[in-house]
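Asker: no sequence for this one, just the structure:
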């Protein structure tokens with residue numbers, strides 16, 4: 001979208017419009033995440049049911065995040081050309097389409113169709129992720145992490161409701177004569193439709209028109225050709241992307257196989273839902289705290305704290321009893337919180353080192369890199385678990401957190417100068 005100028009609103013009107021837009025974004029993310037997380041809860045279980053083996057059960061999970069990677073690039077391009085609102089509405093439309101394809105796959109017992117459906121769901125989920133950057137553009141730099149944290153926090157609703165609604169939807173589907181695992185895949189269609197309608201009706205004017213003046217002053221009036229490679233080489237941008245990628249990779253590596261790990265040791269869907277609810281609660285509930293910590297202490301110290309928590313939780317998951325219980329619940333909760341610290345602080349660090357006219361496309365590329373790495377982790381997690389067991393995933397995850405520590409250490413001087 002080339003027009004970045006605000007309209008002639010008074011300061012109180014502008015503040016009210018920004019506040020309404022932030023809460024619209026947060027509400028849409030809450031709805032979208034509910035359906036998405038309900039589907040994530042049962043994806044590996046559905047895959048094993050269709051295949052009869054858990055070896056490739058991580059493939060649909062990889063499809064979810066690979067779809068998110070593709071969606072991040074294409075939806076960000078749409079947003080850059082047409083505005084944030086059309087891109088978000090289109091994303092939620094893809095969520096509806098993908099859930100219906102996945103439902104057809106379960107009814108026809110087609111594993112390839114299931115993979116295709118979850119790829120489309122993941123494509124639409126990119127809208128939920130890109131919403132945090134729209135919120136960040138509408139506040140001053142010193143409140144940027146707080147705004148990101150607010151929108152990410154909205155996914156707390158989905159983190160609690162999604163896994164809890166999965167068995168309810170399963171029972172409803174069974175009573176209707178459908179496979180019980182088909183029920184959770186109806187939820188993304190329902191909640192995606194509500195989120196898309198909310199954005200279409202209430203996200204007016206477009207968040208681009210409400211961008212903070214300090215960011216607009218730094219942006220060039222004309223649209224410049226963005227040289228992505230040169231931007232990605234900036235120390236701050238590189239450090240932010242590495243932190244985001246590794247946090248996502250470690251979280252997905254362990255989280256994806258936890259439901260399958262539990263069910264193979266006798267846990268039912270309700271027990272799996274408790275553990276995944278704890279995990280997603282950790283992922284989202286403390287986002288405002290993560291934002292405040294980032295704004296107060298800085299992005300880099302907050303990322304360091306997140307990596308430490310990720311390492312500890314990964315080892316705890318490796319040592320926890322497989323049937324669930326307090327240890328596994330705590331491990332998955334802390335895994336989510338460590339991810340959240342890195343996600344909020346990394347997103348804020350990325351926005352800090354980008355001009356306004358650069359942000360939409362570069363943020364989309366960054367999210368694509370995040371989700372592509374997560375897709376590899378999701379696919380690899382099934383192979384690793386089949387070969388050497390679930391505990392190995394935790395040990396590998398703990399080792400991976402050394403990567404952002406090294407990158408941040410190497411770039412310490414330019415980051416401090418900024």
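Answerer: Structure's in. What do you need? This is a predicted model, so every value here is computed, not measured.
Asker: in terms of helices and strands, where is the most centrally placed residue in the chain?
Answerer: With distances taken as C-alpha atoms, centre = their mean, the residue of the chain nearest its centroid is residue 129 (5.3 Å). Secondary structure assignment for residue 129, by DSSP states H and E: helix 111-137.
Asker: re the thing from before, how near is the nearest residue to the residue nearest to the centre of the chain once chain neighbours are set aside to residue 373?
Answerer: Using C-beta to C-beta, 6 or more residues apart in numbering and skipping the chain neighbours, the partner closest in space to residue 129 is residue 367 (5.7 Å). No exception for glycine: its C-beta is placed from N, CA and C like everyone else's. Residue 367 sits 11 Å away from residue 373, going by C-beta to C-beta, to the nearest Å.
Asker: could you do residue 352 as well?
Answerer: From residue 352 over to residue 373 (counting by C-beta to C-beta), the distance is 22 Å.
Asker: likewise for residue 88?
Answerer: 24 Å.
Asker: and what of residue 113?
Answerer: Residue 113 is 26 Å from residue 373, by C-beta to C-beta.
Asker: I would like the residues contacting stretch 358-370, please.
Answerer: 1, 68-70, 72-73, 75-77, 79-80, 126, 129-130, 133, 137, 226, 228, 231-232, 237, 240-241, 244-245, 248, 350-351, 354 (C-beta atoms under 8 Å, 6 or more residues apart in numbering).
Asker: in helices only, show me these.
Answerer: 68-70, 72-73, 75-77, 79-80, 126, 129-130, 133, 137, 228, 231-232, 237, 240-241, 244-245, 248, 350-351 (DSSP state H).
Asker: buried subset of those residues as a ChimeraX selection?
Answerer: In ChimeraX syntax, the buried subset of the ones in helices among the contacts of stretch 358-370 is picked out as below (16 or more other C-beta atoms under 10 Å):
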select :68,69,70,72,73,75,76,79,80,126,129,130,133,137,231,237,240,241,244,245,248,350,351
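Asker: so which other helices or strands are in contact with the helix holding residue 129?
Answerer: helix 11-51, helix 59-82, helix 84-108, helix 144-153, helix 325-352, helix 356-388 (3 or more C-beta pairs under 8 Å, 6 or more residues apart in numbering; DSSP states H and E).
Asker: just how off-centre is that helix within its chain?
Answerer: Centroid separation between helix 111-137 and its chain, computed with C-alpha atoms, centre = their mean, to the nearest Å, is 8 Å.
Asker: any buried residues in that helix, and which?
Answerer: For helix 111-137, by 16+ other C-beta under 10 Å, it's 111, 113-137.
Asker: that one - what's its average pLDDT?
Answerer: For helix 111-137, mean pLDDT rounds to 91.
Asker: and that helix with helix 356-388, angle?
Answerer: Angle, helix 111-137 to helix 356-388, by axes from the mean of the first three to the mean of the last three C-alpha atoms, to 10 degrees: 140 degrees.
Asker: helix 111-137 versus helix 11-51: what angle between them?
Answerer: 160 degrees.
Asker: okay, the angle between helix 111-137 and helix 144-153?
Answerer: 150 degrees.
Asker: chain neighbours aside, what residue packs nearest to residue 93?
Answerer: residue 196 (6.0 Å).
Asker: the one you found against residue 86, yeah?
Answerer: No - Residue 196 is beyond contact range of residue 86, at 11.0 Å (criterion: C-beta atoms under 8 Å).
Asker: between these two, which one's more packed in?
Answerer: Neighbour comparison, residue 196 and residue 86: the larger count goes to residue 196, with 24 against 18 (by other C-beta atoms under 10 Å).
Asker: which element, helix or strand, includes that one?
Answerer: helix 187-202.
Asker: buried residues in that helix, which are they?
Answerer: Judged by neighbour count using 16+ other C-beta under 10 Å, the buried positions of helix 187-202 are 187-196, 198-200.
Asker: also stretch 11-28?
Answerer: 14, 17-18, 21-22, 24-28.
Asker: what's that stretch in contact with?
Answerer: 6, 9, 88, 92, 128, 131, 134-135, 138-139, 147, 150-151, 153-154, 195-196, 198-199, 202-203, 205, 207, 210.
Asker: sorry, back to before: neighbours of the residue nearest to residue 129, how many?
Answerer: Neighbours around residue 367, by other C-beta under 10 Å: 27.
Asker: same question for residue 230.
Answerer: When neighbours are counted by other C-beta under 10 Å, residue 230 comes out with 9.
Asker: repeat that for residue 402.
Answerer: Neighbourhood size, residue 402 [other C-beta under 10 Å]: 12.
Asker: do residue 333 as well
Answerer: With other C-beta under 10 Å as criterion, residue 333 counts 21.
Asker: that one contacts residue 278, correct?
Answerer: Yes - look at residue 333 against residue 278 with C-beta under 8 Å: they come within range, at 4.4 Å.
Asker: please enumerate residues in contact with the helix holding residue 196?
Answerer: Contacts of helix 187-202 (C-beta under 8 Å, 6+ apart): 20, 24-25, 27-29, 31-32, 34-36, 38-39, 85, 88-89, 92-93, 95-96, 98-100, 103, 121, 124, 162, 165-166, 169.
Asker: how far does it sit from its chain's centre?
Answerer: For helix 187-202 - counting by C-alpha atoms, centre = their mean - the centre lies 18 Å from the chain centre.
Asker: check stretch 310-326 too.
Answerer: With C-alpha atoms, centre = their mean, you get 22 Å for stretch 310-326.
Asker: show the average pLDDT along that stretch.
Answerer: 88.
Asker: what residues of that stretch count as buried?
Answerer: 310-318, 320, 322, 324.
Asker: stretch 97-106 too?
Answerer: Buried residues in stretch 97-106 (16+ other C-beta under 10 Å): 97-106.
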